[in-house]
Structures are given as structure tokens and as C-alpha cells.
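Asks: take this sequence and fold it.
(chains A and B)
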Amino acid sequence: MNEQTSMTLGPFTIKREAFVVVLVILFSLAVAAILFTAGLDASNPIIQRSTTVESTHASCDQPGEMPCWITVPASPYASVQIVSALLLIPLGLWLGWASREGTGVRVFLSLFVVSLQFCITRAVFELLEERRLDHIYHDVTIVGPDNVLEAEKVFTSASAMAFVMLSILALIILVLVHLTNRPSRTSSAPAARLDVWWWLLAAIFWGVTLTISIQPDPYGRIMRFVADGIIVTIIVTFVSFVLTLMVGMFGGLGRLSHNRLIAGLTSLYVEVIRGIPLLVQLMWWYFAFPAAVQNLGRALQIEALMRYQANPVAMAIIGLVICYAAYMTEIYRAGIQSIPTGQMEAARSLGMNYFQSMRYIILPQAIRVILPPVGNEFIALLKDSSLVSVVAVIDLSRRGREFASSQFIPIETWMMVAVLYLIMTLLSARVVSWIEHQTKFER
Amino acid sequence: MEPIIQIENVHKHFKGEVHALRGVSLAIGKGEVVVIVGPSGSGKSTLLRCINRLEECDSGRIVVDNIPLAGAENINAVRREVGMVFQSFNLFAHLTALENLTLAQRVVRKRPPKDAEQIAIQLLEKVGIPDKAHSYPAQLSGGQQQRVAIARALAMNPKIMLFDEPTSALDPEMIKEVLDVMLALAKEGMTMVVVSHEMGFSRAAANRVIFMDEGVIVEEGKPDQIFNRPTQERTRLFLSKVLHH
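Replies: Residues are numbered from 1 along each chain as shown, chains lettered A, B, ... in the order given. Predicted coordinates for the structure are as follows:
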């Protein structure tokens, strides 16, 4: 009956909460099916297939020492893939297409369940395969570089990574389907369907995941190499952004202050900082500032200051915050000024003081006005955080540069880095628009 | 009658150029309903806004409920006793009608949320729109918004209510619903200062009508006397324009 809180999956009409649970159960069922079939005896005649790996190893040329080739027993992978495919692909297609949702959601549901099957089967089996191969090679004792084994391992962990990435995507999308379709708190009108631009993000994520699992070398290797850089980029961006929001708010209130000194100082700050390139500011904070502190220490004979060493990440965050807060100050100012003066008058006439009026009346409304430009700033900050790679912060760009220059594969590396940034910015843009949608209070 | 608002020789300049109030003196008694009329730019809204210090007067003295409006620390004390209703409603756009009524009660009066809500619901019933408690201002008609605004001011239990042209932004058919609420309020003995050209309301509720022009009080008296037998030429001229159009 309640259109917004329920969703159809196949012929079933389920609450959105239940929908998430059902997909989790399907997930588990898929894993269980695979694990069960994995237990099938590899010597089973139906699925027995023999693979021969000819060792390229030099020591094979010496007869008697060890076998020149290793017979690897048949992998149960193919058969289990078939079994789980037979089970899950029709189920996925059926559940998807039989739903009474929009076409986009039906296509998504079908593809989603099908690719879950693909990824789970593959990842679980490759992990098992790795252990199995380890076991076999362990018995054989290969001397020298074991290229075969390494190649297998790269392949395995890349697929496992793809599985993890797809699972994250699935989780994000599920949570979002769940959240965006929740009935709006503010009106009885049906909530909007999932924002269509999520599909672009999903498609790119999908593309990256498949690329990694199909071509683990070099894409899986790039991914593993830059993974810690991604984390640094995210941390630097988030910390800077939160601080920027706070500094910007005080800046905005300062610019609107009736106190001339405060208004003048904040205006001066904005004008000066806006006029200096961010890269130069970052250079200043990382190279010039510590030197200045050391000079000061020498002048004052303070030992601690003389030995001052800048922490690259801290300096990068300070540089980003000071620069971006200047822009944020202007955004806050514009947002606060956009609220009709009558709101402040009404609040004051009810006996609220200035800070109560700001806190309860003006800022909550201003924040809704400034959300789009603030979201813009966040995305700009995320991208500009790549500049911190020149001041010794090991972020995504820096890791990309290291990999590209050590492996001599600039095309693949920079393509991957670009796409990773794109995924992060697209995701941010979606989250921003989702927050905007949530905070609407009038239609 | 003991005066609750005392205004003595108040002057107000805007930006040093416009002389909005030129020595206004007025005493308003407890329970009195005073209607201020006058042409636009005559200073009637400014006078009203001076009473709860949304505008600060340049010279003169205003005492509200025995609290002089001089020190900054007194302002919020005065504003708690004085409710204000605006021409453009000024409901808090991000809050529902109910939240509009409860916010100041919680923040300023420090009432527990449950009590505040109970009071709010009673007041919404009083102004006739209990069913709109969970609507946002943008979802309400002008008349409904203005009634919520009146209820919001009443929720603070003010001793005085100021109305700044409460019906001039409304469609004709919505004026009555707002005036009815105001009339009921006047009957309950609330002290009210109303800037309005609603003659019907003035005749029915006002103890006194004040005619202002160019920053001074030109004439005051019973509604019947001002509207039917004005002594001043300026009053006559203004009323002839307002009454016969």
C-alpha cells in the first residue's frame, strides 16, 4: 500500500529494509552454493580435467633431479562456475525483469545478481586455487624464480580485489536505493527515484573492476600499488574539508560582523589568500614555513624551534584549509545574506539572542542555500589535493608517479589514476546531491 | 489606567537623512487596543518597531512593562514580553508550523519539549488550524501563515502584542480569518498595538485610533470620532483617500 517504503523484487513486494536483507541472503546463498560445490572431489570423472603446466625452469633440463613438468590436477573452478551460473543467472534475470520497478532498476537488478555470481564464484575459487596451487608447488620444490606461481598469485589477488570492490559498490548502491527511496520526511509526495547519475558511477566502477579482473597485469598491480595513496588522498581531503567548513563559517560570520576590525581582518584574509595560487601556498607551508620557524629559533636561541621539522601531511592540510576556507568564507557570507532579514527580526522579536538566532534560524536555512557551492568546493578540494604530492605527501598522484616511472607504463598508470579520481569525484557529487535532496523543506 | 508602554519624545533618523519619527509621545494602558493609521512613510511601522527595539531610537525614552529600553541587557527581557506579528509573516521557512511555535519556547523560555508542544497545539487550535501542525510555511496560504505567526508570538505568553500591517500582504478572502483571530485576542484583554487600515477591525476592537503623518502623531481619539469626525485637515484628507476608493 505504501508506495515509497516497498519495492518489488520479482513477484515479491518487499519493504525496502527487507529488500536489503533479501539481497544479503542471496549473497550468502551464492557463497554457500559455491562452497558446497567446491567440496566436490576433483577426481570426479564428470568434472575432471587435467592441466599440464610445462615448467620453463632451467633446472628441468637436468633429468632425474625433478620432473620437467608438473601435472596440476583439474581445477574445480570451471564446473562450479557452471553450476552457480545455472543457479544464479536465471534467478538474477528473473528477479530483475519480473520486478515492477523502472527499466533502469530492472536492468540493474539483473546485472547485479548476475555479476555477483561471477565475482563471488571467481574470487572464492581463486582463493581456494591459490591454496591448492601453493600446496602442489610446495611438494614439487621449485628452485629459482617461480614465475608461474607468481603470475597465478597476481591473478588471484586481483580477482579477490575486484570482488571486494564490487561488493563495496553493491553495498553503496543498496544503501542508496534504500535511502533515496525512503519517504521524504517533509512531504507526503512520493520520494524521487534513484538519481540517474548513479548509473554513470556504477558503470565506471564496473569497468574498473572488470578491467582489473580481466587484466590483472598491470591494472591489478597498479591498483594495489596506489591503494595506500587513495587512502591518503581521502584522509587529506576529508580532514581539510571538515576544517574548511568550520574556519569558513567563522570567516563568513566575521565578514558580516558589525565590528569593523573583525570584518576588515576577515576581508583582508579573503582578498590576500584568494590572490595566491594554491600550489605556491603549499610550497610556502612545506618549505618556507619550517625554515622561518628554524630561523626564528636561531634568533631566539630556542633549541626546539631550531630543530623544527614539518610534517608533510599536517602542512598540506594547513595549506589546503587556509586556501579553501577563504573561498568558503565567501560562500557562507553569501548564504547568510540570502536569508531574508525578516527571519532574523522574527527570531529576535521572540527573545532569541544573536547566537541563538544564527544557530536555530539563519544557519540551518543558509546551509541549504550553500550546499551546492559547498559540494563544488569539496570536489574541487578532492582534485586539488593532488597538488600535495609535490610537497612530499604520498597521495594517489604521488603513488601513480612512482609506479609509472619505475615500471615504464605511463599510459596504463595515469589512466588508472585518472579513473580513480573520477570515481571519487562522481561519488562525492552524488552524495552531495543526495544530501541536497534530503534537506529540502519546501516544494 | 496604568500604562504598560510609555513613549516619551522619541526621535528616529535613518542614515542621517530621513527623519522618521519627530518627537512622538504616547502612553498605552494595560489591556488597551490601539490602532495606528497613516500614509506610507509616516513612521507608524518605525514606531512599532521601536517598541521592541528592532529599531533603536536616537533620542527619547521608551519604557515597556517598567523596563526601560536603554541597556542592551534589557532588550531580550522586553522582547520576551512583547510579541510581534509582521506584514510578511516571517515564519521560519525550515520549520513546520508546530516547530515554529515550539522553538522559541524551548530556547528562550526553557520549557520542556512536551510542554512546549502542548501549548503549541492548543494555540494552533485557537487560531483554527490544528490540522496544519506538520506543514511547512510554504505549504500554507497567506492567511494560515499569518495565523501561525500570531500563534507563534502568543506561545511566548507576551503581555503586549504588536501587529505591523498584519493583513496587507493577504488576499481579500484571507483577511477575515486573521482579523477574527485578532478580534478574539482583543476581547480576551490583550494589550495590542496594531498598524492597520482595517476600519472594520478598528471600529470593533480599538479603544483608541492614532493618526500619524510625517513622523508625528496628528490626532488621536475613539475610532468613531477619528473616522467620522476628524478634527484635523490632514486626517480628513487621508481618510477620504482610504475610505472612498
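
Asks: figure out how far stretch B:121-132 is from the centre of its chain.
Replies: 20 Å (Cα atoms, centre = their mean, to the nearest Å).

Asks: for chain B, which segments count as strands?
Replies: Counting by DSSP state E, chain B has strands at residues B:3-14, B:18-29, B:33-37, B:59-64, B:67-68, B:82-85, B:160-164, B:191-195, B:208-213, B:216-221.

Asks: mean pLDDT for those strands: which is lowest?
Replies: In terms of mean pLDDT, the lowest-scoring of the strands of chain B is strand B:67-68 (a mean of 84).

Asks: please see if that one touches chain A.
Replies: No: applying Cβ under 8 Å from any Cβ of the partner chain, one finds strand B:67-68 separated from chain A by no less than 12.6 Å. Quick note: C-beta positions are derived from backbone N, CA and C, even for glycine.

Asks: what residues of the lowest-mean-pLDDT helix or strand in chain B count as buried?
Replies: One helix or strand of chain B scores below all others by mean pLDDT, DSSP states H and E: helix B:72-81, with a mean of 80. Going by neighbour count (16 or more other Cβ atoms under 10 Å in any protein chain shown), the buried part of helix B:72-81 is B:75-76, B:78-81.

Asks: one more: stretch A:411-421?
Replies: A:412-414, A:416-417, A:419-421.

Asks: same question for stretch A:364-379.
Replies: Judged by neighbour count using 16+ other Cβ under 10 Å, the buried positions of stretch A:364-379 are A:364-371, A:373-375, A:377-379.

Asks: that older thread, put together CSV for the strands of chain B, with mean neighbour count on each row.
Replies: Converted to CSV, the strands of chain B look like this (neighbours: other Cβ atoms under 10 Å in any protein chain shown):
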stretch, mean neighbour count
strand B:3-14, 18
strand B:18-29, 18
strand B:33-37, 25
strand B:59-64, 18
strand B:67-68, 13
strand B:82-85, 26
strand B:160-164, 24
strand B:191-195, 24
strand B:208-213, 23
strand B:216-221, 18
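
Asks: where does the prediction get shaky in the chain?
Replies: Just going to use chain A. Scanning chain A for pLDDT under 70 picks out the ranges A:1-85, A:87-88, A:95-106, A:108-109, A:112-196, A:213-214, A:216, A:441-443.

Asks: my bad, the chain I had in mind was chain B
Replies: Scanning chain B for pLDDT under 70 picks out the ranges B:1, B:71-72, B:244-245.

Asks: could you rerun that using 80?
Replies: Confidence mapping of chain B against pLDDT under 80 gives the ranges B:1-2, B:15-17, B:70-74, B:242-245.

Asks: got the residues of it near chain A?
Replies: Residues of chain B lying close to chain A by Cβ under 8 Å from any Cβ are B:52, B:54, B:76, B:79-80, B:82-84, B:86, B:88, B:90-94, B:103-104, B:107-109, B:136-139, B:149, B:152-153, B:156.

Asks: next step: those restricted to helices.
Replies: Members of the residues of chain B next to chain A lying in helices (criterion: DSSP state H): B:76, B:79-80, B:103-104, B:107, B:149, B:152-153.

Asks: could you find the closest non-adjacent residue to B:D58?
Replies: Distances taken as Cβ to Cβ, 6 or more residues apart in numbering or on different chains put B:H11 closest to B:D58, at 5.0 Å, once the chain neighbours are dropped.

Asks: how much space separates the one you found from chain A?
Replies: Per Cβ to the nearest Cβ, to the nearest Å, B:H11 is found 22 Å from chain A.

Asks: for that residue, what are its contacts?
Replies: Residues counted as contacts of B:H11 (Cβ atoms under 8 Å, 6 or more residues apart in numbering or on different chains) are B:19, B:21-23, B:57-60.

Asks: tell me what it is bridged to.
Replies: Assessed by DSSP bridges, B:H11 has beta-bridge partners B:R22, B:S59.

Asks: list the contacts of the biggest helix by length in chain B.
Replies: Longest helix in chain B, counting residues (DSSP H): helix B:172-187. Here helix B:172-187 makes contact (Cβ under 8 Å, 6+ apart) with B:33, B:126-128, B:141-144, B:146-147, B:150, B:154, B:161, B:163, B:166-167, B:170, B:192, B:194, B:198, B:200-201, B:204-205.

Asks: next to chain B, which bits of the stretch 251-400 of chain A? Give me the list.
Replies: A:340, A:342-343, A:345-353, A:356, A:360-361, A:364-365, A:368.

Asks: could you rerun that using 6 Å?
Replies: Counting by Cβ under 6 Å from any Cβ of the partner chain, the residues of the stretch 251-400 of chain A close to chain B are A:342, A:345-346, A:349-353, A:356, A:360-361, A:364-365.

Asks: may I see the residues you listed organised as a markdown table, with distance to B:R236 and secondary structure added?
Replies: Shown next, in a markdown table, are those (distance: Cβ to Cβ, whole Å; DSSP: H, G, I helix; E, B strand; the rest coil):
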| residue | distance to B:R236 | secondary structure |
| --- | --- | --- |
| A:G342 | 34 | helix |
| A:E345 | 34 | helix |
| A:A346 | 36 | helix |
| A:S349 | 35 | helix |
| A:L350 | 39 | coil |
| A:G351 | 41 | coil |
| A:M352 | 43 | coil |
| A:N353 | 45 | coil |
| A:Q356 | 47 | helix |
| A:Y360 | 48 | helix |
| A:I361 | 44 | helix |
| A:P364 | 50 | helix |
| A:Q365 | 46 | helix |
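
Asks: select from the residues you listed the one having the most neighbours.
Replies: A:L350 (30 neighbours; other Cβ atoms under 10 Å in any protein chain shown).

Asks: correct me if wrong: that residue contacts B:A104.
Replies: Yes: contact criterion Cβ atoms under 6 Å: A:L350 and B:A104 qualify, at 3.9 Å.

Asks: quick one: which of the buried residues of stretch A:364-379 sit in helices?
Replies: In helices, defined here by DSSP H, the members of the buried residues of stretch A:364-379 are A:364-371, A:373-375, A:377-379.

Asks: out of these, which is nearest to B:L48?
Replies: Nearest to B:L48, judged by Cβ to Cβ, of these is A:Q365 at 25.3 Å.

Asks: could you pull up the residues touching the closest one?
Replies: Residues in contact with A:Q365 (Cβ atoms under 6 Å, 6 or more residues apart in numbering or on different chains) are A:339, B:94.

Asks: coming back round to it: and of the ones in helices among the buried residues of stretch A:364-379, the nearest to B:L98?
Replies: For those, the closest approach to B:L98 (Cβ to Cβ) belongs to A:P364, at 16.1 Å.

Asks: test my guess that the closest one contacts B:H94.
Replies: Yes: counting by Cβ under 6 Å, A:P364 touches B:H94, with 5.2 Å between them.

Asks: how about residues contacting stretch B:158-169?
Replies: Applying Cβ under 6 Å, 6+ apart, the set of residues contacting stretch B:158-169 from outside is B:45, B:48, B:65, B:81-88, B:146, B:175, B:178, B:190-195, B:198.
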